[in-house]
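S.K.: Only the shape, not the letters, is given here:
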């Protein structure tokens, strides 16, 4: 079976607007969860968010979309991360436009980040704005396809918080099955009244910077961002730089509840076990788990329980959502990038603000950066609403 290799990465989050800035913030344990400056909402003054520092105008300039209409903040974030990824992978326009190059993106918010404008347009209270065609989940994907002249297979996935992890899984399967030689995978989500109000109705938003896997956690922080990875078959990589291999994946659904996982961690355990098995390794070979770790009562206790069922000795684990907030449909790709940074730099990034580990378990997450450690295999978890659980295994390339 052909190996699926990561040859390029691009990312924009609250802790950095490119790969190097994100890595630096992780090394310094600098969180990006603060008061929002650009997001306008009743909750802006009440809650912290993982907001990308650049304004829409600054993003427009950075991705060269001046004088273009219909680009929401979701699209602008996607373009910024996508451009870095393809540049990093040294993809030519000819390669991008080949029929064996695919694009799988993901989003939960899509163009609904313009909640007020969407309401005006949908209720015929406007003359028809420039964003009429931009509200859908796939709008950013279609804009990427048009600008970069992508001719191969394309798709947009929305499976809630596991969306971009599933984009990586689908891209890997396309390459392994011979349906593509190269797939650009990832996801994007921006802050929106639609999602903030919805999560507030669920009463799972924290008024403080989140503390995943702490006994006294009280909820999550919503964030925004985008991340894309270039996956290539080992047959076409040649002599270019390779970050890691996508060596395993698993996807399951416990169908327990619309917004909570089962107490028995049925879906989480199954997705993790599938990922480890498909990688052809034993659980004991996993050196680090980048956990889903939202900071909610349900997720953190269920995921911790699941880890104790998968591992005889639970390896170092942490939640990098304590840096970025929960970026929803982008989270799987964002945390895939962080997992690969761990492999490439022999580092494990901490769960911030943990004082008392989740009870009744006797295991605690990493709370300080670990450097010069062996990181050959990383398990990255992304668990979505409705019980859609996805896990990925990334491995070091000799």
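M.R.: Great, that's in hand. What you are looking at is a predicted structure, and each value in this text was computed from that prediction instead of being measured.
S.K.: Tell me where the stretch 1-150 of the chain has strands.
M.R.: Here the stretch 1-150 of the chain has its strands, by DSSP state E, counting those that start in this stretch, at 4-12, 101-106.
S.K.: and the first one, what other elements does it pack with?
M.R.: Using 3 or more CB pairs under 8 Å, 6 or more residues apart in numbering; DSSP states H and E, the elements in contact with strand 4-12 are helix 19-28, helix 73-88, helix 163-176, strand 225-233, helix 234-237, strand 244-253, helix 331-345. (Glycine included, C-beta is placed from N, CA and C.)
S.K.: Residue 25 touches residue 323, doesn't it?
M.R.: Yes - counting by CB atoms under 8 Å, residue 323 is a contact partner of residue 25 at 6.6 Å.
S.K.: Just want to know which of these two has more residues nearby.
M.R.: residue 323 (29 against 19; other CB atoms under 10 Å).
S.K.: doesn't that one fall inside a helix?
M.R.: Yes - per DSSP: H, G, I helix; E, B strand; the rest coil, residue 323 lies within a helix segment.
S.K.: Overlap in contacts, residue 25 and residue 323.
M.R.: 15, 31-32 (CB atoms under 8 Å, 6 or more residues apart in numbering).
S.K.: can you tell me how far the residue nearest to residue 120 when sequence neighbours are not counted sits from residue 77?
M.R.: Sequence neighbours aside, residue 126 is the residue nearest to residue 120 in space, at 4.2 Å (criterion: CB to CB, 6 or more residues apart in numbering). In this view, residue 126 and residue 77 are 24 Å apart by CB to CB, to the nearest Å.
S.K.: Contact partners for the residue nearest the centre of the chain?
M.R.: The C-alpha lying nearest the average C-alpha coordinate of the chain belongs to residue 331 (CA atoms, centre = their mean; 2.2 Å). By CB under 8 Å, 6+ apart, residue 331 lies in contact with 161, 164-165, 187, 292, 321, 382.
S.K.: Repeat the analysis, applying 6 Å as the threshold.
M.R.: Residues in contact with residue 331 (CB atoms under 6 Å, 6 or more residues apart in numbering) are 161, 382.
S.K.: What of residue 298?
M.R.: Residue 298 neighbours (CB under 6 Å, 6+ apart): residue 260.
S.K.: if I look at it, how far off is residue 272?
M.R.: Separation of residue 298 from residue 272 (CB to CB) stands at 17 Å.
S.K.: Could you do residue 33 as well?
M.R.: For residue 33 relative to residue 272 (CB to CB), the value is 27 Å.
S.K.: quick one: which of those two has more around it?
M.R.: Under the criterion of other CB under 10 Å, the comparison of residue 33 against residue 272 puts residue 272 first, with 29 against 25.
S.K.: pretty sure that one contacts residue 311?
M.R.: No - with contacts counted by CB atoms under 6 Å, residue 272 stays clear of residue 311, the gap being 9.1 Å.
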